[in-house]
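> Got a predicted model here, sequence first, then my questions.
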Amino acid sequence: MNKPSIVLYKKLPADLHQRLEEHFAITEFDGITDKNRAEVFDALQNAEGLLGSGGKIDKELFDHAPRLRAVSTISVGYDNFDVAELTRREIPMMHTPTALTDTVADTVMALVLSTARRVVNVAERVKAGEWNENIGEDWFGIDVHHKTMGIVGMGRIGLALAQRAHFGFDMPILYNARSQHKEAEERFGARKCELNELLKESDFVCILLPMTEQTFHLIGKEELAKMKSSAILISAGRGPVIDEPALIEALKAGTIYGAGMDVFETEPLPKDSALLTLPNVVALPHIGSATHETRYDMAACAVDNLIAALKGDVKEFCVNPEVLKK
Ligand SMILES: NC(=O)C1=CN([C@@H]2O[C@H](COP(=O)(O)OP(=O)(O)OC[C@H]3O[C@@H](n4cnc5c(N)ncnc54)[C@H](OP(=O)(O)O)[C@@H]3O)[C@@H](O)[C@H]2O)C=CC1
Ligand SMILES: O=CC(=O)O
């Protein structure tokens, strides 16, 4: 019997590629870009599955995939997919939520520490030969331990961050989400509050929200103005949740102390972005989950997700479970 065809648009480790090949005939691309879209459209004519990460996966693409039965992304976020269109076509959309949670929380904690203690800025000065005598106050940062941690988006990653902040740094925790998160309250003493209260009271405001119509530019000029001048903003959910020009203004004016950012409105971050010129900004290239171990686990999860979905055997990790046949 012929194996079902799939389109793979992300390079996989050899053993995972082999696992996929045992089940499917694979047409492989190095991403889906404006340059190769037409070629991808041709390959999709026959494809029953789609697996990869990044790119804009929209209705036009699905229109070229009349046999598509399952889509699997190697990520937890899926804002680059037209999920409503997939649901309309009764196609399950799979993602990799649990594999990366701890690694992303570690990255957020790294941003908290490196912005507060100015690790990147100070290390650059050492490399530039500026450490010539005992350091003075111009090398100092601010404490992290015992400060108030505000978490906007108390989901899987928010919870893992709360655990680190509570047990590792003895930080009181405030959070904002749509629902109450009893586990965070009971295990880490977290207190749910309105966004405005969180912004006013937190020393670290960590934004861990998905990108949706409701979260777009949730943090803008007015919200930034509510933060303490000694507070630090950490952005590690999706870039467009923060109004970047408003953030740049606040950082330049010194109305907040600094920002640690793993995600941006435009990625890769444009070379002329003012964020690159500000010493109180730590900018990372969207590395939240980027360790060898975690990226492997995410890819393995996405491969298993596609195999399960094309067999009609989905048990978890489906974004639109309403399409699954009972
Ligand atoms: N920087 C990186 O490399 C990475 C970034 N991410 C990003 O992080 C996001 C979060 O991941 P994860 O924790 O696993 O996701 P979850 O779905 O577990 O958590 C999302 C949280 O956001 C809250 N939320 C959603 N919409 C709103 C809103 N309008 N107002 C207030 N709260 C809201 C949810 O609230 P409620 O609980 O009430 O539903 C939930 O607490 C991903 O969607 C992805 O975009 C993920 C991985 C890596
Ligand atoms: O940003 C990364 C993800 O997995 O989502």
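Alright, I've got the coordinates. A quick note: this is a predicted structure, and the numbers were derived from the prediction, not measured. Ligands and ions are numbered 1, 2, ... in the order given.
> how close does Gly237 sit to Val323?
Using C-beta to C-beta, to the nearest Å, Gly237 is found at 26 Å from Val323. No exception for glycine: its C-beta is placed from N, CA and C like everyone else's.
> So between those two, which is more surrounded?
Higher neighbour count among Gly237 and Val323: Gly237, with 28 against 17, using other C-beta atoms under 10 Å.
> hang on, that one packs against Leu209?
Yes: Gly237 lies in contact with Leu209 (C-beta atoms under 8 Å); the separation is 4.3 Å.
> list residues touching both of those two?
Taking C-beta atoms under 8 Å, 6 or more residues apart in numbering as the criterion, Gly237 and Leu209 both touch Gly153, Thr215.
> Now do the contacts for His95.
Contacts for His95 (C-beta under 8 Å, 6+ apart) come out as Ser72, Thr73, Ser75, Val76, Gly77, Tyr78, Ala302, Asn305, Phe317, Val319.
> let's see 7 Å
Counting by C-beta atoms under 7 Å, 6 or more residues apart in numbering, His95 makes contact with Thr73, Ser75, Val76, Tyr78, Phe317, Val319.
> Need the pLDDT of it.
For His95, the model assigns a pLDDT of 98.
> Distance of it relative to Glu85?
Using C-beta to C-beta, His95 is found at 16 Å from Glu85.
> and stretch 296-311, average pLDDT?
The predicted model gives stretch 296-311 an average pLDDT of 98.
> please renumber so the chain begins at 48
Sure, I'll start counting at 48 from here, so that last one is stretch 343-358.
> what residues does it touch?
51, 53, 59-60, 63, 66-67, 70, 95-96, 98, 116-117, 119-121, 139, 141, 143, 146-147, 336, 361-362, 364.
> cool, stretch 227-245 as well?
197, 199, 201, 206, 209-210, 213, 220-223, 252, 273.
> Could you rerun that using 8 Å?
Outside stretch 227-245, the residues within contact range by C-beta under 8 Å, 6+ apart are 197-199, 201, 205-206, 209-210, 212-214, 219-224, 248, 252, 265, 270, 273.
> Can you name the residues that contact the residue in the stretch 248-373 of the chain that ligand 1 sits nearest to?
When scored by C-beta to the nearest ligand atom, the stretch 248-373 of the chain has Gly335 as its residue closest to ligand 1, at 2.2 Å. Gly335 sits next to Leu147, Thr150, Val151, Thr154, Val155, Ala283, Asp309, Val310 when contact means C-beta under 8 Å, 6+ apart.
> hmm, back to that, ligand 1 next: which of the contacts of stretch 227-245 are close?
Met201, Gly205, Asn223, Ala224 (C-beta under 6 Å from any ligand atom).
> count of residues packed around the third one?
Residues contacting Asn223 under the criterion other C-beta under 10 Å number 23.
> which of the ones next to ligand 1 among the contacts of stretch 227-245 lies closest to Asp89?
Gly205 (41.9 Å; C-beta to C-beta).
> Residues touching stretch 67-74, excluding its own?
Identification of contacts with stretch 67-74 by C-beta under 8 Å, 6+ apart yields 49-55, 59, 64, 90, 94, 96, 98, 350, 353-354, 357.
> now those residues: which count as buried?
Buried members of the contacts of stretch 67-74, counted by 16 or more other C-beta atoms under 10 Å: 51-55, 59, 90, 94, 96, 98, 350, 353-354, 357.
> Thank you kindly, that will do.
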